[in-house]
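Trainee: Sharing a model that was predicted from the sequence below.
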Amino acid sequence: MILCIWYKIRDTPWSGIPVLIRLKQRRYRCSNSNCKKTTVFQHPGVHDKREMTEALVEKIERDSLGPYRFYMLAHQVGSSKTPIREIFERRVEELDRKAKPIPKALGVDGVYIPATGKTHAVIADLNEGKVVEMLETDKKPKLLEYFHNLERRHAGDPELNSEVHGDLSKEEVMEKYKTEIDLQEKGVLANEPHVVVIDMTPRYRDAIKKKLPGATIVVDRYHITRRANLALGRIRIDESRRAGLTAEWKREKEKLEQFRTQLGAGEEFRLEAALNHFPRIKQAYETRNDFLKIFEIKGRQKADEALTEWEESLPKSVEEEFKKFLDGPLSDWREEILNFFSYPYAGPYTNAEVEGFNRAIKQIKTEGAGYSDFNTLRAKVVYGLERRREMRERGAVGIREKEYLQRVAGFSPGSDDPSDSEEPIRVSDFLCEGAPFDWIEEELKLW
């Protein structure tokens, strides 16, 4: 016996309008009186577990990791938020289970998110320029746990192998993540991260030394040169206050933090004229410039000698401020600072990429203030930043709620009433990705 049942199947939006397909589905019932079982005919292109097309599910999986909030996607496809979140969570679980290469160069930095009230550790692959993990906190136990898992992956731990790598054997894991660079002379596993770039946070260094003893720790030069700029800034503030010219010198702050070669001819002339009237600020400016030039030196020994010479030749007029900001780092972190010059792979690596990711994370948290938990934010960061970058290039990032409703549904910006609407606006094709509609064109009454 054949039974026919009508179903409503959601498909990808067409020109920003939600699409609902009325689909006739056949059910076959066994004619044997002792059986009476039914078999459902599965239409190709329709998802087997949801009343959606496979194209729509794929679109939600892709876009939910991007800049769209769940309610925006729900409005776009004409459903509630619940299935959007369920599809999102299932996709994140799939991505978490996939084996991930161990980066050869890691960047570790922290970002404070006001909504969570915590500082989260962001771990990036500096070679690929992407975030590989975001931890719930940047406290030492969480860092030790993350680096411990990396350590187990190096050895192809069978238990972790089944958790992370599926059915791969220990030998296959080692082969899959083996780097092209032979570091055996250094006594490092061939697939272990060999550079970790951090700021001067002691717990980061402690966790790395304990769990990744073969990795070289490099202090990001931004964080050490920033200290020299702070010393210069302190002297600028003190001298300008004495002269009653605080506002005037504050406007010169940005120029003072640049090299002369970075200034235009007019800017350099005006700055030089101002510095000639303030010898102490000029001395601090020259001292800061001499310090920054050290980071252009090639070779660890030459850099070490230059640092020592710079420390011993500090002018008396600015010595106190520069020692206050730089004495601690240059003594406690000297080894890690000099690693910037000595390690062959450290030269190109700074945490500039990670700092850029931190700004993107804060933007995600601002746009998605409704994210209810850390796991959603983590997934958006770890798996969504590339998607956001791709969509930004296509002009699809930064759509706010009212603008979105106006563009897609024709709602007036100041109204939440669907009846207060104009003719829907056709939006760009990047909002309407999906399968062609020629085969159902006669069935759809959209206009």
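Mentor: Arrived safely. Residues are numbered from 1 along each chain as shown.

Trainee: okay, and for the chain, where does confidence drop off?
Mentor: Applying pLDDT under 70 to the chain flags residues 1-4, 151-193, 343-358, 360-372, 387-447.

Trainee: one more time with 50, if that's ok
Mentor: Applying pLDDT under 50 to the chain flags residues 154-167, 170, 173-174, 176-190, 344-347, 368, 397-447.

Trainee: Outline the domain layout of it.
Mentor: Domain assignment for the chain by automatic domain parsing gives 2-97+373-440, 105-220+350-358, 221-342.

Trainee: Buried deepest among these, which one?
Mentor: Scoring these by mean neighbour count under mean count of other Cβ atoms under 10 Å gives domain 105-220+350-358 as the most buried, with a mean of 18. The way it works is simple: take the backbone N, C-alpha and C, and place the C-beta from them, glycine included.

Trainee: got a list of what residue 39 touches?
Mentor: By Cβ atoms under 8 Å, 6 or more residues apart in numbering, the contact set of residue 39 is 27-30.

Trainee: Pairing partners for the helix or strand harbouring it, with directions?
Mentor: For residue 39, the host element (DSSP states H and E) is strand 38-40. Next to strand 38-40 in the sheet, as set by DSSP bridges, lie strand 17-29 (antiparallel).

Trainee: Does anything pack onto the helix ranked longest in the chain? Which helices or strands?
Mentor: In the chain, taking DSSP state H as the definition, the longest helix is helix 221-243. Applying 3 or more Cβ pairs under 8 Å, 6 or more residues apart in numbering; DSSP states H and E, one finds that helix 221-243 makes contact with helix 246-250, helix 253-256, helix 279-293, helix 316-332, helix 334-342.

Trainee: Return the alpha-carbon coordinates of that helix using CSV.
Mentor: Extracted C-alpha coordinates of helix 221-243, given in CSV (Å, rounded to 0.1, in the frame of the first residue of the first chain):
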residue,chain,number,x,y,z
ARG,A,221,59.3,42.3,21.4
TYR,A,222,56.2,44.5,21.5
HIS,A,223,55.8,43.9,25.2
ILE,A,224,59.5,44.8,26.0
THR,A,225,59.6,47.8,23.7
ARG,A,226,56.3,49.0,25.1
ARG,A,227,58.1,49.4,28.5
ALA,A,228,60.6,51.8,26.9
ASN,A,229,57.7,53.8,25.5
LEU,A,230,56.2,53.9,29.0
ALA,A,231,59.4,55.3,30.5
LEU,A,232,59.5,58.0,27.7
GLY,A,233,55.8,58.7,28.4
ARG,A,234,56.4,59.2,32.2
ILE,A,235,59.2,61.7,31.5
ARG,A,236,57.0,63.5,28.9
ILE,A,237,54.2,63.9,31.5
ASP,A,238,56.5,65.1,34.3
GLU,A,239,58.2,67.7,32.1
SER,A,240,55.1,69.0,30.5
ARG,A,241,53.3,69.4,33.8
ARG,A,242,56.2,71.5,35.2
ALA,A,243,56.0,73.7,32.1
